[in-house]
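[1] need a 3D model of the following:
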Amino acid sequence: MNAFERTIVKIGSKLEYQFAKFMSKRRKPRVIEPYIGYATPDELVVKGRVLASRRYVEERFGQSRVRNVGQMLGRFMTAEVAGAQVQAEGISTTSDEEGYFELRLPRNGRHGWVTVETHLHDQDNNLLHSEDCAVLAPVDSKTVIISDIDDTVMKTGAYSLTRNLWTSFTGNTLTRQVFADSAVLLDRLTTRRSMPVYYVSSSPWNLHDFLQTIFDRSAVVKGPMFLRDLGLSETKLITNGHGDHKGAAIDTILDANPDGQAILIGDLGQKDAQVYHDAIIRHEGRIAAVILRDPGPQLDAKIRKALKKLEDTGVPTFHDTTFAGLDAKILDLIPTEK
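    Residues are numbered from 1 along each chain as shown. A predicted model of the protein is given here:
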């Protein structure tokens, strides 16, 4: 980043901070927006964001694209609260400049879906708000699933920026569609081998509730989401790029499950083949298989090259325009856990 870019980003960061500060003062109540957390062998990682208020969107079938765009823009017009005190089970933290917080609590043998009650306090330690945050704490699973979202689970067109933006902003939770074959694949893998699912996406945290609503409606397996912060800071315009974010999230998930392998699921329309190749190199012996959705029946030279590089690692790699029938092939690779 050159001197001019640093100046622009610094100015933008200060303007964004002042706007959020102004809005949070106007909206006195403080609320916690809960995200789905995850677990390490020793800790529960509770995640969320402190906002001046939460926007509740009422969506109806048949509403206009203009209304959809307005509602989607509203999801990004958040008034974050920095420096807020968040507490759970006697452990406290403060929200960062974008309102995000993370609490690490002793796991104490807890497993399955764990509900953690979080509390928001003011400077005088008065309780302002309480919110339940869900945490997935797998039971000694030796294999986990790490899945992309856009064009892997949900139909988006993310490989085309124009199509991605059109699809994202003109649809709503009632019109957005998931791939039925993805929902079936994830359900069968989690049911027959009790594999926990983690989702990694370049979508912003502002869409966490949006995505979760779509997944719930479409019966997609529930799991922690590792999304991206698109906010400004004095050192960046947005967060790291698509590949860097996904790679870092994969590292975090594998670190949280140090004794297990992972199945990576994605698509060939973006850079998942390269991201997954790099993950295989970084975590030798820990990637059990890779599943990729083809963007169409014909793959261009660039995609074929990335796919060949991935296949050359020796990790079983499956790719097709559909995931139908892949569960049997994957289950053959994964021993039954006792």
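[2] show me how the record splits this structure into domains.
    Residue ranges for each domain of the chain read 3-137, 143-333, as given by automatic domain parsing.
[3] and those domains, which one is worst for confidence?
    Looking at the domains of the chain, the lowest mean pLDDT belongs to domain 3-137 (a mean of 81).
[4] out of the domains of the chain, which one sits most buried?
    Comparing these by mean neighbour count (mean count of other C-beta atoms under 10 Å), domain 143-333 comes out on top with a mean of 18. C-beta coordinates here come from the backbone N, C-alpha and C atoms, glycine included.
[5] start and end of that one, how far apart?
    The first and last residues of domain 143-333 sit 11 Å apart, counting by C-alpha to C-alpha, to the nearest Å.
[6] now do the helices in this protein.
    3-26, 65-76, 161-170, 180-193, 208-217, 242-256, 272-282, 301-311, 326-333 (DSSP state H).
[7] my read: Arg188 touches Leu326, true?
    No. Using C-beta atoms under 8 Å, Arg188 is not in contact with Leu326, being 9.3 Å away.
[8] tell me the bridge partners for His319.
    Bridge pairing for His319 (DSSP bridges) gives the partners Leu292.
[9] for Glu117, same thing?
    Under the criterion used (DSSP bridges), Glu117 bridges to Asp132.
[10] how close does the residue sitting furthest away from the middle of the chain get to Ala301?
    The C-alpha centroid of the chain is most remote from Asp124, which lies 34.1 Å away (C-alpha atoms, centre = their mean). For Asp124, the distance to Ala301 (C-beta to C-beta, to the nearest Å) stands at 64 Å.
[11] report the contact partners of the residue farthest from the centre of the chain.
    For Asp124, the contact set (C-beta atoms under 8 Å, 6 or more residues apart in numbering) is empty.
[12] look up phi and psi at it.
    Dihedral pair for Asp124: phi -100, psi 10, per degrees, to the nearest 10.
[13] ok, Asp96 next?
    When read as degrees, to the nearest 10, the backbone of Asp96 gives phi -80, psi -170.
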